[in-house]
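Undergrad: Take this sequence and fold it.
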Amino acid sequence: MKARRDPVGEVQRALYALGGEATVGDLLAVTALSQARVGRALERLIAGGRAHVRVSASGDIVYHLGRGADAAPVSAVSATGVPFDRKTVQLIRAREGVLSIAELVEHTGLRAAQARREMERLAEAYGGAAQPSLDGHLVWVFEDLMATAHGGFPDREPRPAWVRARPPVLARDWFLRLFGPSRQDTLRRHALGLVVQTALAGKGVVSLQRAIDYLAAREGRRPARRVVEAALRDLAFDFDAPVTTLGGDLFFGFRNLKRQFLASDLVRRRLRLGHTAGGATVFDSADTPERAAARELEAFDRELKKPVTAPG
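TA: Modelled structure (predicted):
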């Protein structure tokens, strides 16, 4: 029987593991709990005096351990049952809080329709929202993941689907857990690697013959032509890729896949969401009444020192 998770204990241990302070984004990345569950756990920790909240003048919110938590055990956080979410949150943070369906497909190996449903679930769990790019493609923006209390995000992204020996398993994929991926799914995942690399490197045209040679080298045995063609046609359907016959070979044009990557990159550059929480503290729930009053005076002094802008 699967053990039930204890969000309060996991969030408290995550705060310890993160050096005693963290943003919500930091806690989501470590625990892979949903934003709602992390929020409820923080409320309970704050109500019990085991954690406190600090707000800066810039509006950043950082949670830190309270005195009541001093005796709590320091142990690693275990995100049992959610390795998929943990890796995906890591990917979102490494890509500055913006992700397209094509990037989620690259990461997971899911079909596009599955990836759309998964993106909607991730958006609900981690505070994401769909946003159109300048060229009309939808990308998902996860602003709440992009503040950190620890000076930067990991440069290292999780490995894409075709590099891993097995695809990531979603919590609901009982068939994959029991029997593993089918031969067709494995071929499709490996073909996805060729498609993504080719699309990002240039015009994105992949021939059937080239795919057969690539998969033969990748797997150590030559796959049947019809099986490779089926995998490429499946990917072509997902990414609206035109298929052309020329000289007895088939050519698949995956330019649209590259456009999705470019769309998220444009939104990324425009928003620049990643930042380290900082600035003068204007409120801390751990403050004594005297310290709270002093903070109010400091904030008042800062307001007085701001330059006055002339009307008009």
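
Undergrad: Run through the helices of the stretch 151-300 of the chain in chain order.
TA: According to DSSP state H, counting those that start in this stretch, the stretch 151-300 of the chain carries its helices in the segments 174-179, 183-201, 208-219, 225-238, 255-271, 289-305.

Undergrad: where does the stretch 101-250 of the chain have low pLDDT?
TA: Low-confidence segments of the stretch 101-250 of the chain, defined by pLDDT under 70: 152-155, 165-181.

Undergrad: Any idea which of the helices of the stretch 151-300 of the chain gets closest to Leu42?
TA: Using C-beta to C-beta as the measure, helix 289-305 is the one of the helices of the stretch 151-300 of the chain that comes nearest Leu42, at 20.1 Å. All C-beta spots, glycine's among them, are computed from the backbone N, C-alpha and C.

Undergrad: any idea of the mean pLDDT in the closest one?
TA: The predicted model gives helix 289-305 an average pLDDT of 80.

Undergrad: Next, the buried residues of that helix.
TA: Within helix 289-305, the residues that count as buried by 16 or more other C-beta atoms under 10 Å are Arg295.

Undergrad: Equivalent analysis for stretch 123-140, please.
TA: Ala123, Ala125, Tyr126, Gly127, Gly128, Gln131, Ser133, His137, Val139, Trp140.

Undergrad: just how off-centre is it within its chain?
TA: Once both centres are worked out by C-alpha atoms, centre = their mean, to the nearest Å, stretch 123-140 turns out to sit 12 Å from its chain's centre.

Undergrad: now the end-to-end length of it.
TA: Across its full length, stretch 123-140 reaches 8 Å between end residues, using C-alpha to C-alpha, to the nearest Å.

Undergrad: and what of stretch 215-223?
TA: Terminal residues of stretch 215-223 are spaced 7 Å apart (C-alpha to C-alpha).

Undergrad: before we move on, the earlier item: could you list which of the buried residues of stretch 123-140 belong to strands?
TA: Members of the buried residues of stretch 123-140 lying in strands (criterion: DSSP state E): Gln131, Val139, Trp140.

Undergrad: burial of the residue nearest to Leu65 when sequence neighbours are not counted, as a residue count?
TA: Using C-beta to C-beta, 6 or more residues apart in numbering and skipping residues adjacent in sequence, the residue nearest Leu65 is Gly20, 4.8 Å away. Gly20 has 14 neighbours, counted by other C-beta atoms under 10 Å.

Undergrad: Quick check: the gap between Gly20 and Gly9.
TA: Gly20 sits 16 Å away from Gly9, taking C-beta to C-beta, to the nearest Å as the criterion.

Undergrad: With Ser264 instead?
TA: From Ser264 over to Gly9 the distance is 35 Å, taken as C-beta to C-beta.

Undergrad: higher neighbour count, those two?
TA: More crowded of Ser264 and Gly9, by other C-beta under 10 Å: Ser264, with 25 against 15.

Undergrad: pretty sure the more buried one contacts Gly97?
TA: No: with the criterion set as C-beta atoms under 8 Å, Ser264 and Gly97 do not qualify as a contacting pair; they are 9.9 Å apart.

Undergrad: Pull the number of nearby residues for Ser285.
TA: 15.

Undergrad: same deal with Glu21?
TA: Counted with other C-beta under 10 Å, the burial measure for Glu21 works out to 17 neighbours.
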